[in-house]
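A.B. asks: Here's a sequence, model it:
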Amino acid sequence: MALANNLTAILNLLALLCSIPITASGIWLASKPDNECVNLLRWPVVVLGVLILVVSATGFIGAYKYKETLLAVYLCCMAILIGLLLVVLIFAFVVTRPDGSYRVPGRGYKEYRLEGFSNWLKENVVDSKNWGRLRACLADTNVCPKLNQEFITADQFFSSSKITPLQL
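C.D. replies: Numbers count the residues shown, from 1 in each chain. Here you go, the predicted structure:
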């Protein structure tokens, strides 16, 4: 039993040490408010780092001091975190699985249309309150350099026949 506790303590110490750069990168992202894309990631990264820190500290202390109650709390929290990770993974897979691509005859690339994406993704991208953030994010990254000048709403962007995937 001592080997299992020592191994658990070592693994949780490593996880605790890994959570410090995760939390630090979230705090660093929070100090950079100039990019809309970064603003979407800053607090989830900080929360993830803190959760990993707390859960791994609980596991480390429980395994190092042989505290069964702390180990039970650690196992429950870890099971919840793994379950949440699986839910997010399945959600991301379901939402991004249809990629909206269509083969173009005689071309070496695919064309992309909004109708080919999942309904949830279409509704959230076309929604006018989300479009402002997405537009600012795309314009800041220079993915779409003409985005600041030509398109005010999401409908104008998606109804434009001038834009192909190669022009983005």
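A.B. asks: now the end-to-end length of stretch 104-123.
C.D. replies: Distance between the two ends of stretch 104-123: 26 Å, counting by CA to CA, to the nearest Å.
A.B. asks: For that stretch, the averaged confidence score.
C.D. replies: Stretch 104-123 shows a mean pLDDT of 75.
A.B. asks: quick check, distance from that stretch to the centre of its chain.
C.D. replies: Put simply, stretch 104-123 sits 22 Å off its chain's centre (CA atoms, centre = their mean, to the nearest Å).
A.B. asks: likewise stretch 14-23?
C.D. replies: 18 Å.
A.B. asks: Can you give me the buried ones in it?
C.D. replies: 15-16, 19, 22-23 (16 or more other CB atoms under 10 Å). (Glycine included, C-beta is placed from N, CA and C.)
A.B. asks: And stretch 85-93, by the same measure?
C.D. replies: The neighbour-count check on stretch 85-93 (16+ other CB under 10 Å) flags nothing as buried.
A.B. asks: same check, this time on stretch 105-119
C.D. replies: Within stretch 105-119, judged by 16+ other CB under 10 Å, the buried ones are 112, 117.
A.B. asks: would you put the C-alpha positions of that stretch in CSV?
C.D. replies: In CSV, the C-alpha atoms belonging to stretch 105-119 read as follows (Å, rounded to 0.1, in the frame of the first residue of the first chain):
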residue,chain,number,x,y,z
PRO,A,105,-14.8,19.4,-59.5
GLY,A,106,-11.5,19.9,-61.1
ARG,A,107,-9.9,21.7,-58.2
GLY,A,108,-7.5,20.6,-55.5
TYR,A,109,-9.3,22.3,-52.7
LYS,A,110,-12.7,22.1,-51.0
GLU,A,111,-15.3,24.8,-50.9
TYR,A,112,-16.9,25.6,-47.6
ARG,A,113,-20.5,26.6,-47.0
LEU,A,114,-22.3,27.5,-43.8
GLU,A,115,-25.1,24.9,-44.5
GLY,A,116,-22.5,22.1,-44.1
PHE,A,117,-21.8,22.9,-40.4
SER,A,118,-23.7,21.7,-37.3
ASN,A,119,-26.8,23.6,-36.3
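A.B. asks: mind listing what E115 touches?
C.D. replies: 100, 122 (CB atoms under 8 Å, 6 or more residues apart in numbering).
A.B. asks: Right, I'll call it a day here.
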